[in-house]
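Novice: just need the structure, nothing else, for what follows:
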Amino acid sequence: MAGIERFWGAAAVLAVGLAIALYALGVGSNPNELFAAVSVNYKEFTVSGLSCLSIDPRKVVFDRKEYWDDSMTTEVANRLSIKEVMINADYTACRWGLTASILSDGDSAVTFNGDAAQYLVSIAVCKRDPDGSMMASYCVNKNIYVFNRQVAARDLFTLALVGLARPQVDKWETFTGKRLQ
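Specialist: Below is the predicted model of the structure:
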């Protein structure tokens, strides 16, 4: 009898170990779900009240390189509920601008359930000066820490837009998003 008990005990330990390994690899969880934490750096207003937004493609950066896809203007308009999203608009056309910087080396100091953030997206909407530069003193600026591995730049940018648009009660909050199809 003792041999059978040891066999089933070892089998149970093996099954639990396999389940933990599969969970760690993301097998069995929803592969389209992205998990993130958002932190408010600075907030003078909410983006929900803006009627326009100008984007300088040189100010959207992924791993220290310029990254922009013109089709993302629709994503910005939809996620932030802004009617007019323009590329390099003149100050007289729109007094608001967007910047985003995505780093794939994450931040090991930010953890959730023992997992370190894999990506950091710093995103801001600021009032612009007449010369088009951003007024750092009048912005909504948030950091979005993404815990998933191997996330496309476009998905990271979209997740950052969701985090930017979120009304926050606390300085730190967690949220989920979906990968784009």
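Novice: low-confidence stretches in the chain?
Specialist: For the chain, applying pLDDT under 70 flags the ranges 1-29, 66, 106-107, 181.
Novice: spatially central residue for it, please.
Specialist: For the chain, residue 160 is the residue whose C-alpha lies nearest the centre (CA atoms, centre = their mean; 3.3 Å).
Novice: wait, a helix at that residue?
Specialist: Yes: Residue 160: assigned to a helix according to DSSP: H, G, I helix; E, B strand; the rest coil.
Novice: can you show me the helices along this protein?
Specialist: 2-25, 72-80, 153-165 (DSSP state H).
Novice: wait, isn't the residue nearest to the centre of the chain in contact with residue 143?
Specialist: No: at 9.0 Å, residue 160 does not count as touching residue 143 under the criterion of CB atoms under 8 Å. Where you see a C-beta, it was placed from the backbone N, CA and C, and this is true even at glycine.
Novice: picking that back up, distance check, the residue nearest to the centre of the chain against residue 103.
Specialist: 12 Å (CB to CB, to the nearest Å).
Novice: can you pull the contacts of the residue lying closest to residue 38 once chain neighbours are set aside?
Specialist: Once flanking residues are discounted, residue 38 sits nearest to residue 163: 4.0 Å by CB to CB, 6 or more residues apart in numbering. Applying CB atoms under 8 Å, 6 or more residues apart in numbering, we find residue 163 in contact with 36, 38, 121, 123, 142, 144, 175.
Novice: likewise residue 93?
Specialist: Listed by CB under 8 Å, 6+ apart, the contact partners of residue 93 are 52, 54, 86.
Novice: generate TSV for those residues, with distance to residue 150 as supplementary columns.
Specialist: What follows is those, written out as TSV (distance: CB to CB, whole Å):
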residue	distance to residue 150
52	35
54	32
86	32
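Novice: dump these into CSV; add distance to residue 43 and neighbour count as well.
Specialist: Compiled in CSV, the contacts of residue 93 are given as follows (distance: CB to CB, whole Å; neighbours: other CB atoms under 10 Å):
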residue, distance to residue 43, neighbour count
52, 20, 15
54, 20, 21
86, 24, 13
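Novice: list the buried residues of the longest strand along the chain.
Specialist: Determined from DSSP state E, the single longest strand within the chain is strand 134-146. Buried residues in strand 134-146, counting neighbours by 16 or more other CB atoms under 10 Å, are found at 134, 138-146.
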